[in-house]
Every structure is written in C-alpha cells, then in structure tokens.
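Colleague: Return atomic coordinates for the entry below.
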Amino acid sequence: MKANIQQDLRKSENQDIEFSGNTIKNDFFFSIKSTCLDENYHPSAKTRLTTNFANLARGADRQQNLRNALNMINNRFNALAHLDNPKGDRYHVELEILTVTMSIADQNGSSDLPMIEVLKTNIIDRKTGQQIEGIAGNNYSSYVRDYDFSILLIEHNKNKAAFSVPENFGDLHGKLYKCFVNSAAYKEHFKMAPIICLSVSGNKTYTRTDYQHPVLGFEYLQNEYSLTDEYFSKMGLKVRFFMPPNSVAPMAFYHSGDLLADYTDLGLISSISTMETFQKIYRPEIYNANSVAGKIYQPSLKHEDYSLTRVVYDREERSRLAVEQGKYAEDHFIKPYQDILEQWSANFTL
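Modeller: Next comes the predicted model:
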C-alpha cells in the first residue's frame, strides 16, 4: 500500500443544467487521496477532525492511542478469521484513509471542496504473502452530512414543540454520494461497493432472529426505521443488523446490493474488526459492555456496566467539531453554490 500519494483519478461527472437563463456546463471532478493510517499518522490540516481516527491521533498519547487501536483491530480480525490460524497471528490489517475532494467547474472557474473521508481495509496473509483487498466505507464521514445534522436540522427544530425534519432532508447529500460511487474515479479505485457500519440507534429496540451468518453472526430486526436509516436510504443504501461472534451488541451494516453474497468472508471480517474497535472506543457503554445483548435489546449510552479501553477519546470535542465543520460546509459549499447545487440536484439522474 502506498501512503500519501495523490491518486490520478480526476474524472468528470458532466451535467448540463439551466442556470440564470443560460445553459452552463458544470463539471464535478472527484479526486481521491490515499494516506496510510498507522501509529505515525498525523492528521493533515484538511482532514475532518470529527473523524474517529483523527481524534485519536492528537495529544500527548496520540502514538499509543493509534498503536492500541490498531492492535485491537488485528487481534479481533485474527479471532474471527480463525480457520487455519492456530496462533491467531496469520493476518495483518492495513488501513488507508481515503480523502475525496470534489471540484466544481462553472463559469467562474473551479473550486475544490472536501467531501468525504473513509477508511479502506487491506489484508495481508502472512502465511501466503498475499495482499487481499478489503472493503471501503469504514468510519464514513461527510461535510454535507455534518451540515445536515448539526446545522440544518438543529435550526429547523429551534423553538419548535415537536421534532420534524426539513423538506427534502438528505436529498443533496444522497445524490452527491451516488454521483461519487457511480463515477469513473470510484470504479477505477474500488472493486466493491462500500459498506458503512455504524452503531445501532439508542432509541430503537432490536429483536434477535434465528438466522446466524458464519461471519456476521446473529441477525437482529429493528422495530422501526431511524432518521439515519432514512437519510442513508437516500444514498441508495439498505440496512441490516448483525451481532458478530463474541460481540456484545449488534451493529448496523448499510449497503447496496447483497450484503451476504457480494463480499468475501475476509472482507466482512475486516469491516467488523475495524468498526467494532472504534465503537468500543467511542461507545463503550454499548460495544464494550460487560453483558451481552439479549434476544430483545435496547441500547443505551446511559448503561453503566462497561469497561474502558486503553485509548483516549474526546467525545465532547467530536460533537463540538461536528458543528464547526457543518458550518464550514455551509459557508464554503452550500451557500456559495446553492443555485448550482439545486439545479444539479433537480436534474440528477444515474
């Protein structure tokens, strides 16, 4: 894996739209930068600081934080990939930070705008020397999503007695995501569609079914859709809930296509080991609890019977930065390009 290399993947997603009475060609270009996430990682000035791995990589304990988190990922991977792995050390997981920048070309020139950041897993089989491609989508983060949830949604509900969502909430974000994953840039860099693995919702109830997948574990059903489920559906993603073997709580797996047929077992294990590690650090009340989720499960961040990892994580800072970065998206993307984005979104088709 090559770190800190700008991938030459600038491909246009052309759409001619009507704007101010004239037809203007607006080209969306996507560029993907790959950076190695290891114990020597330092967040760049352009990294979304709300991202879990960036939060860990700051402060006096930054290197130990990263080392502990990476060890947790590798240990969990080998525990799940136990076949022909008697010492539990056959596999090593390497992580790439993929930073997606979108450039908008209009009559005034071109502007570069940060869009998405995700982790991609790569698996090293020490027994065979083979490098196996993992799955992208881990630790999915987006400036526009920060804007939607931390700025737009909050402002919409200010001084209202009953919670509601704005009209067309998530439409623009969903179309931008679809534009990227269907672009030539994405298809040249990735063989498989992303899996975005998140925590279960704290205000929903989950019921375990009898279905058990050999890697994903027991499937759970949610009593009703959450706002996040609806938001991600506009990205073309469905959700299923599974509790992997020896986990203590189910996780939400957002995907397109067939979650059970489109990915290899090792690929799924790489996503589970990566995201379960970050959830144990970020939400220990749920994912590092000292008791296992039962047949009917109600997750709660108020749960007190849990263990802490040896990784320092500033959850309050993450919430504060989400607002700051949502404001950044509003000032540098939503407002300056509002007319163009509205016209593009209205005419967007795959």
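Colleague: Now the phi/psi pair for residue 323, please.
Modeller: phi -70, psi -40 (degrees, to the nearest 10).
Colleague: Residue 151 is in contact with that one, correct?
Modeller: Yes - contact between residue 323 and residue 151 holds when scored by C-beta atoms under 8 Å: they sit 7.2 Å apart. (Each C-beta comes from the backbone N, C-alpha and C, glycine too.)
Colleague: Show me which of these two is the more surrounded one.
Modeller: Set residue 323 next to residue 151 and count neighbours by other C-beta atoms under 10 Å: residue 151 wins out with 19 against 16.
Colleague: where does the stretch 51-200 of the chain have low pLDDT?
Modeller: Scanning the stretch 51-200 of the chain for pLDDT under 70 picks out the ranges 51-55, 58, 105-110.
Colleague: So which residues of it form strands?
Modeller: Using DSSP state E, counting those that start in this stretch, the strands found in the stretch 51-200 of the chain span residues 91-106, 109-125, 131-142, 196-199.
Colleague: Can you mark which positions in the first one are buried?
Modeller: Which is strand 91-106. Neighbour counts over strand 91-106 (16 or more other C-beta atoms under 10 Å) mark 91-105 as buried.
Colleague: what's the answer for the longest one, then?
Modeller: Of the residues in strand 109-125, those with enough neighbours to count as buried (16+ other C-beta under 10 Å) are 113-124.
Colleague: any idea which of the residues you listed is the one closest to residue 188?
Modeller: Relative to residue 188, the closest of those is residue 120; by C-beta to C-beta it sits at 13.9 Å.
Colleague: Give me the neighbour count for residue 173.
Modeller: By other C-beta under 10 Å, the residues close to residue 173 number 23.
Colleague: check contacts around the closest residue to it other than its chain neighbours.
Modeller: Distance criterion C-beta to C-beta, 6 or more residues apart in numbering; nearest residue to residue 173, sequence neighbours excluded, is residue 144 at 4.5 Å. Residue 144 sits next to 115, 172-173, 176, 329, 333-334 when contact means C-beta atoms under 8 Å, 6 or more residues apart in numbering.
Colleague: Same question for residue 259.
Modeller: The contact partners of residue 259, by C-beta under 8 Å, 6+ apart, come to 195, 216, 238, 240, 253.
Colleague: So among the residues you listed, which ones count as buried?
Modeller: The neighbour count (16+ other C-beta under 10 Å) marks 195, 216, 240, 253 as buried among these.
Colleague: In TSV, list the contacts of residue 144 along with distance to residue 234.
Modeller: Listed next are the contacts of residue 144 as TSV, based on distance: C-beta to C-beta, whole Å:
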residue	distance to residue 234
115	16
172	9
173	7
176	10
329	17
333	18
334	17
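Colleague: Okay, helices next: where are they in the stretch 1-150 of the chain?
Modeller: 52-56, 62-80, 143-147 (DSSP state H, counting those that start in this stretch).
Colleague: Span of stretch 82-95 from start to end?
Modeller: Stretch 82-95 has an end-to-end distance of 21 Å (C-alpha to C-alpha, to the nearest Å).
Colleague: quick one: that stretch to chain centroid distance?
Modeller: 24 Å (C-alpha atoms, centre = their mean, to the nearest Å).
Colleague: which residues are in contact with that stretch?
Modeller: By C-beta under 8 Å, 6+ apart, the surrounding residues in contact with stretch 82-95 are 1, 36-38, 53, 70, 73-75, 77-79, 81, 119-127, 134, 138, 266, 270, 273-274.
Colleague: from those, which would you call buried?
Modeller: Buried members of the contacts of stretch 82-95, counted by 16+ other C-beta under 10 Å: 36-37, 53, 70, 73-74, 77-78, 81, 119-124, 134, 138, 266, 270, 273-274.
Colleague: ok, the residue sitting nearest the centre point of the chain - contacts?
Modeller: Residue closest to the mean C-alpha point of the chain, counted by C-alpha atoms, centre = their mean, is residue 140 at 1.5 Å. If you count contacts by C-beta under 8 Å, 6+ apart, residue 140 has them with 116-118, 194, 196, 198.
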